[in-house]
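sequence first, predicted coordinates after that:
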Amino acid sequence: MDLDALKANLKKDFKKIVSQEELNQFKVKYLGKKGQITKLSKKIKSLPSKDRPTYGKKIGELRSLCEDFLDLAQEK
């Protein structure tokens with residue numbers, strides 16, 4: 001999956017959250033053991049050495065965005 005598309009999906013899914021159950025599903029979908037961001041993180045080692053830092057940084061930004069969304073939702 002394209003990282004930009006994943007970011008757009010992440011934002012779209014976050015806007016739909018209205019309950020604690022949906023928040024938990026959101027967390028599992030993106031940060032869980034088989035989550036989308038987690039899967040992308042595991043692919044880093046298969047990339048060429050020159051592409052790893054850039055890709056890793058983008059994955060880190062997505063993870064941070066997702067965690068920020070989770071913190072924001074828990075404050076509500």
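Ah, there it is.

how about the strands in this protein?
Along the chain, counting by DSSP state E, no stretch forms strands.

show residues contacting the longest helix along it.
Among all segments of the chain classified by DSSP state H, the helix with the greatest residue count is helix 52-75. Applying CB atoms under 8 Å, 6 or more residues apart in numbering, the external contacts of helix 52-75 come out as 3, 6-7, 10, 14, 17, 23, 26-27, 30-31, 37, 40-41, 44-45, 47. Any C-beta I mention is one placed from the backbone N, CA and C, and that applies to glycine too.

how far does it sit from the chain's center?
Remark: helix 52-75 is offset 6 Å from the chain centroid, using CA atoms, centre = their mean, to the nearest Å.

for it, what is the average pLDDT?
Averaged over helix 52-75, pLDDT sits at 92.

convert that helix to CSV, retaining C-alpha atoms only.
This file holds the C-alpha atoms of helix 52-75, laid out as CSV (Å, rounded to 0.1, in the frame of the first residue of the first chain):
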residue,chain,number,x,y,z
ARG,A,52,15.7,2.4,4.2
PRO,A,53,16.3,5.8,6.0
THR,A,54,13.7,7.7,3.9
TYR,A,55,11.1,4.9,4.1
GLY,A,56,11.7,4.4,7.8
LYS,A,57,11.2,8.1,8.5
LYS,A,58,7.9,8.0,6.7
ILE,A,59,6.8,5.0,8.6
GLY,A,60,7.8,6.7,11.9
GLU,A,61,5.8,9.8,10.9
LEU,A,62,2.7,7.6,10.2
ARG,A,63,3.2,5.8,13.6
SER,A,64,3.5,9.1,15.4
LEU,A,65,0.4,10.5,13.6
CYS,A,66,-1.6,7.4,14.6
GLU,A,67,-0.4,7.6,18.2
ASP,A,68,-1.3,11.3,18.3
PHE,A,69,-4.8,10.5,17.1
LEU,A,70,-5.2,7.8,19.8
ASP,A,71,-4.1,10.3,22.5
LEU,A,72,-6.5,12.9,21.1
ALA,A,73,-9.4,10.4,21.1
GLN,A,74,-8.7,9.2,24.6
GLU,A,75,-8.8,12.8,25.9
